[in-house]
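here is a sequence together with a model predicted from it:
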Amino acid sequence: MIKILFVCHGNICRSTMAESVMTHLVRQRHLEHQFQISSAATSREEIGNSPHYGTVGKLRAVGIPVIPHRAIQMTKQDYNKYDYLIGMDDANIRNMTRIAGGDPEHKIYKLLEFAGSSKAIADPWYTGNFDVTYEDIMKGCEALLDSVKKAY
């Protein structure tokens, strides 16, 4: 079982979008029995809240089912539980590494690294542009899935 945790600041926009996109891609390839996919926040600001209406609207517009979710915070124990902990930007990576107490097993990545880019996934909470965020998340998730499949 390949376990992936997507992480952003609040766990209502980017990480929940990535969780839904990756789950959709895995289901399309009939690989759901090989994956466990979830998402979390580095902050406590949105704990308990459902995905942002912009995330929900964008996913519905492209025909991707929204995974039922309430925002949770990443924990130190998540580092041992998951094989891949995927952040959306440099601030997420710093906070994830702090929460985990380091990254000795090199499990923490920025999503677009898998697509050969050091670019961050823009936070649509601030930009208001869920289209660009979706395009980057789709690119990153497709590359992540290809990379993981090669590794296993």
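Structure's in. What do you need?

I figured residue 69 hits residue 15, correct?
No. If you go by C-beta atoms under 8 Å, residue 69 and residue 15 don't touch, sitting 9.1 Å apart. From N, CA and C alone the C-beta is placed, and that goes for glycine too.

what is in contact with those two at once?
Each of residue 39 lies in contact with both residue 69 and residue 15 under the rule C-beta atoms under 8 Å, 6 or more residues apart in numbering.

quick one, helices of this structure?
Under the criterion DSSP state H, the chain contains helices at 14-28, 53-61, 76-81, 90-100, 124-127, 130-151.

can you give me the buried ones in the third one?
Buried residues in helix 76-81, counted by 16 or more other C-beta atoms under 10 Å: 78, 79.

same deal with the second one?
By neighbour count, and taking 16+ other C-beta under 10 Å as the criterion, the buried residues in helix 53-61 are 54, 55, 56, 58, 59.

which of residue 69 and residue 15 has more neighbours?
Between residue 69 and residue 15, residue 15 has the larger neighbour count (other C-beta atoms under 10 Å), namely 32 against 19.

that one: what's it in contact with?
Residues near residue 15 by C-beta under 8 Å, 6+ apart: 6, 7, 8, 39, 40, 41, 88.

any idea how far residue 21 is from residue 74?
Plainly put, residue 74 is 19 Å away from residue 21 if you go by C-beta to C-beta, to the nearest Å.

repeat that for residue 144.
From residue 144 over to residue 21 the distance is 10 Å, taken as C-beta to C-beta.

ditto for residue 69
Taking C-beta to C-beta, one finds residue 69 at 13 Å from residue 21.

what residue of this protein is the furthest out?
Distance from the C-alpha centroid of the chain, by C-alpha atoms, centre = their mean, peaks at residue 104 (20.6 Å).
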